[in-house]
Every structure is written in C-alpha cells, then in structure tokens.
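Chemist: quick one: sequence and predicted model below, then my questions.
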Amino acid sequence: MTKGKVDALLGIVFGDEGKGKVVDFFTPQYDVVARFAGGPNAGHTIIFDGKKFVLRSIPSGIFSETTLNIIGNGCVLAPDLFMVEAKEVEAAGYDIRQRLHISKRAHLILPTHRALDRAYEALKGKDKIGTTGKGIGPTYSDKAARVGLRVGDILDNFAEKYAALKARHEQILNNLGYAYDIAEEEQLWLEGVEYMKGFALTDSENELNAMLAEGKSVLAEGAQGTMLDIDHGTYPMVSSSSTTTGGVCTGLGVAPSKIADVFGIFKAYSTRVGSGPFPVELFDATGDRIREIGHEYGAVTGRNRRCGWLDLVSLKYAVQVNGVTQLIMMKSDVLDEFATIKVCTAYRKGGETLTTVPYDLNGCEAVYEELPGWQTDLTELTTYDALPQALKDYIAYIEQYIGVPITIVSVGPDRNATIVR
Ligand code: GDP
Ligand code: IMO
Ligand code: MG
C-alpha cells in the first residue's frame, strides 16, 4: 500500500484465481476498493467468521466499515442482479449505501443484451464461447458502437432512452429469428433501476483523483483474468473487457503514473471455464481429483471448471502484460496429496518448442517439468517458515522462471488461511 497511489490486484490466468478472498484480506489497509472492469460475469467468493458471500458486481472491500467501494466506469452493471446482490449483503447486516459509489459512466446491461448474448452463442453452435450469459459481450459492443446506456442515464428521461435501445435490440433478435421472452426479467430489471437511485451515482473518476491527491490509498480489484482479456487473452474465446493493468487506468479514470504495486494472483494449478485453448488441461483422473479437492465448479454458472497443472509460459506472459510486481499463489492446499507435481515450462507446436504465448494457443502441447509434492496438510499452517521444504522449492522454481517474488501463499478459503511471507 502506498499513500496517494493505486495498487492493482489482477487475476492473471483464466479467472477464479481467488481475487475476492485476497481483496477482502487486503481491504483494511486501503481507503478505497474499486472494480474497474467486468460485471456480473464475475463471482468473487469471500469467507470469514463462518459466513460466505459470492459477490458479482459489488467490490470485495464492502465488508469493511471504513472503506469506500466504487463500481468504476469500466464496469457493466445489470440493475436487477445488482439489486438482488445488494439486498443479500444488506440482509446480512452491512450498511452498503454508506460505502458504495457507482460511476455514472458505467454501462447498463439490458435484458435484451442478455437475450442477444444467448442468441449469438446459439448461432455459434459448437464454436460457442461458453459465456456466462450475462450480456457482457453485447453490452461492451454497444459501448464501443456508441449506442449504450450508462448509469447516469437513469436520472434523466430514461424511459425513452431505454425504449430506443430495446427496440434496436429487438430488431436484431427478430432478424436473427431468435425466440426470446424477457417480460418477467424486464419487470425485475425496471425495479432494479429504481432501486439503484437509492445509491450514490457519482463522477467516481473525479472522486478517486481527489482522494489520491489527499494521499488516500486505492486498491483496484480485477475481474476475470489476463487470458480472458479482450486484447491479450485467447481471442475470440475471451470476455469483452480490459482485465489488465491498462484496464485499471481506463476503467477508473486514473493515470498510469498513479499505479504502484501490481499483484498478480494465480492458483498453484490451472483452471478454465468455458471454451477455448487450454494446453495444460488434464482429461484423466488427476484432473478430476484436482477438480474434486479444489471444488472447481463455477461460482456463477455452476459449470465444471477444466483443470490442469500450472502453466508458467502463460503466467510469464501475463506478468509481462501487467507489469506484475508481486505474485500471490492461491489454493496451494489443493495439491497437498500429490506425490509429484508438474509445471508447464514450454509448448510444442508444429515441431517447434515455444517459451512465449503465440498468436494462437490452439494446437500447443504442454511440455512439463516434474517436481516433488509436499504431501503435507497445509491448512493449519500460519507462517511461511512452517511450510514444507518441497512447497518452498515449488515456490522458488516458479519465482526463478517468472522473475517476480511470491509474497503471499493461500492455504484455504477462509480469510485467515493466508500466509504473508
Ligand atoms: P475469484 O473470482 O478470483 O474471486 O475466485 P472465485 O471466488 O471464483 O474462486 C475461488 C474459489 O476458491 C472460491 O470458492 C474460494 O472460496 C476458494 N479459495 C480461495 N482461496 C483458497 C485457498 O487457498 N484454498 C482453497 N482450498 N480454496 C480457496
Ligand atoms: P471472475 O471475476 C472465470 C469466462 C466465461 C467464458 C468467457 C466469456 O470470477 O474470475 P462472458 O460472460 O464474460 O462473455 O464469458 O469468459 N469468464 C470467466 N471465467 N471467471 C470469471 O470471472 C469469468 N468471467 C467470464 O466462462 O469462457
Ligand atoms: Mg470467480
């Protein structure tokens, strides 16, 4: 944490690395926690004091009374889902209206954006992306096409603007011959729009810069991961937002010179939900075992996450794209029982050996190194010194390959199961 600066905490793989847990753990150090990208496609799990929350659009700093949380301009927001989520947190006893600001420049996800998401996926057939169905792609497309609706629009002549964009979408859906029915969700959605008016809808970009000028500290919370980034991920099997450090600047309205630390978060192994190339994917009993121990089922959609060993080639690529200064390794405990652990150190493609991520990850075959496992229960350990030597060697191997230190090791889902080096 540096006063007057923004630190970023970014998923640097395919999402679900454990961002929510660590943002919540870091929150007491920061004055502000701000989401800068994505929307309800995210599912950030936080567990403390026997309570569990899965946040989608609300930043993971929301459980601290003294922290301001911001949904930044780079985000997309579905009023109905936001209302359901916010009510859940309020019902658990947290007065979130006092500590949550929403950028007027964030874009709104309409019910018809979700219908379009489903329609485009159906049209793609076997080539579908496997989206979360939350309307993310169509909403960011409308933003880029300069026809989207923003949070600030709900304060002025909204019914008319809504009807115009909805009509545009209906025309596309009808042209595609896609049957849809949004009547029920539209009712809840419009209720959500009214509900949102009870929150502080602000020029959060100005607020943030004013707070930075006063010496306040900001933690930018990433969503998704670098390999799902619209520019740097495995396009077209990606999400539609900028999930990287660059996205922090555009998604919050802060200058690059304001960024201090960049925390890159990854699991001790790899997962991916949805379609797209995944060279380290395991189709055998080991993959099933990792899924079972790690409970690798999507927090938003309940889908099986595809599992495999750690991919150092893509990790190094993501560290480069983001300028990661510290690494955070999650779910180390999931590998406790394995006698040997593999790491991917290169890809083989068309007779060539590659050590950087190529234009097209399809057809890349993972080349592995094998390391000894620790076969120790990590879940009760609380200090770095107490970690088994084989895990310290695993950590040293990763650091050596990537060239950035691992400063936090997570050994369980609870807020307290976090070892700071
Ligand atoms: P996010 O999207 O990056 O916030 O991650 P998710 O919440 O989607 O997925 C991470 C999952 O792993 C959640 O179910 C967490 O409760 C869980 N988790 C986080 N850290 C650890 C850990 O160190 N060990 C174990 N076993 N589970 C963890
Ligand atoms: P968090 O923040 C994991 C994946 C989807 C799909 C692709 C595009 O919890 O880490 P979209 O609905 O965004 O158009 O889907 O991206 N995806 C995620 N995978 N974690 C996420 O978020 C994800 N958000 C999107 O599965 O493959
Ligand atoms: Mg998640």
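Modeler: All right, it came through fine. Ligands and ions are numbered 1, 2, ... in the order given.

Chemist: which element is the residue nearest to Leu155 when sequence neighbours are not counted on?
Modeler: Spatially, and ignoring its direct neighbours in sequence, Leu155 is nearest to Leu201 (6.8 Å; C-beta to C-beta, 6 or more residues apart in numbering). Heads up, the C-betas are built off the backbone N, CA and C, glycines and all. Applying DSSP states H and E as the criterion places Leu201 in strand 200-202.

Chemist: mind listing residues that contact that strand?
Modeler: For strand 200-202, the surrounding residues in contact (C-beta atoms under 8 Å, 6 or more residues apart in numbering) are 97, 100-104, 151-152, 154-155.

Chemist: chain center to that strand: distance?
Modeler: 23 Å (C-alpha atoms, centre = their mean, to the nearest Å).

Chemist: could you list the low-pLDDT ranges of the chain?
Modeler: 299-300 (pLDDT under 70).

Chemist: Ser275: how many residues sit nearby?
Modeler: Neighbour count of Ser275, defined by other C-beta atoms under 10 Å: 17.

Chemist: mind listing what it touches?
Modeler: By C-beta under 8 Å, 6+ apart, Ser275 lies in contact with 127-130, 237.

Chemist: drop anything exposed from those.
Modeler: Buried residues within those, counting neighbours by 16 or more other C-beta atoms under 10 Å: 129, 237.

Chemist: which member of the contacts of Ser275 is positioned nearest Ala164?
Modeler: Among the contacts of Ser275, Ile129 lies closest to Ala164 (C-beta to C-beta), at 27.9 Å.

Chemist: now the stretch 301-421 of the chain against ligand 3: closest residue?
Modeler: Ligand 3 sits closest to Arg305 of the stretch 301-421 of the chain, with a gap of 9.6 Å, by C-beta to the ion.

Chemist: against Glu380, how distant is Thr139?
Modeler: Distance of Thr139 to Glu380, computed by C-beta to C-beta, to the nearest Å: 44 Å.

Chemist: compare these two (neighbour count), which wins?
Modeler: More crowded of Thr139 and Glu380, by other C-beta under 10 Å: Thr139, with 25 against 10.

Chemist: sorry, back to before: the residue of the stretch 301-421 of the chain closest to ligand 3 contacts Glu296, doesn't it?
Modeler: Yes. The criterion here is C-beta atoms under 8 Å, and Arg305 meets it with Glu296 at 3.8 Å.

Chemist: give the residues shared as contacts by the two.
Modeler: With C-beta under 8 Å, 6+ apart as the test, Arg305 and Glu296 both reach Thr271.

Chemist: for Thr353, helix, strand, or coil?
Modeler: strand (DSSP: H, G, I helix; E, B strand; the rest coil).

Chemist: how about it: what's its closest non-neighbour residue?
Modeler: Distances taken as C-beta to C-beta, 6+ apart place Ala346 nearest to Thr353, at 5.2 Å, with adjacent residues excluded.

Chemist: Glu281 pairs with what?
Modeler: Here Glu281 sits in beta bridges with Gly308, as judged by DSSP bridges.

Chemist: still on that earlier bit, which residues touch the residue of the stretch 301-421 of the chain closest to ligand 3?
Modeler: 16, 271-273, 291, 296-298.

Chemist: which of these are buried, as a PyMOL select command?
Modeler: Those of the contacts of Arg305 that count as buried under 16+ other C-beta under 10 Å are selected in PyMOL with:
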select buried, resi 16+271+272+273+291+296+298
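
Chemist: my guess is Met1 contacts Asp7. True?
Modeler: Yes. Contact criterion C-beta under 8 Å: Met1 and Asp7 qualify, at 6.5 Å.
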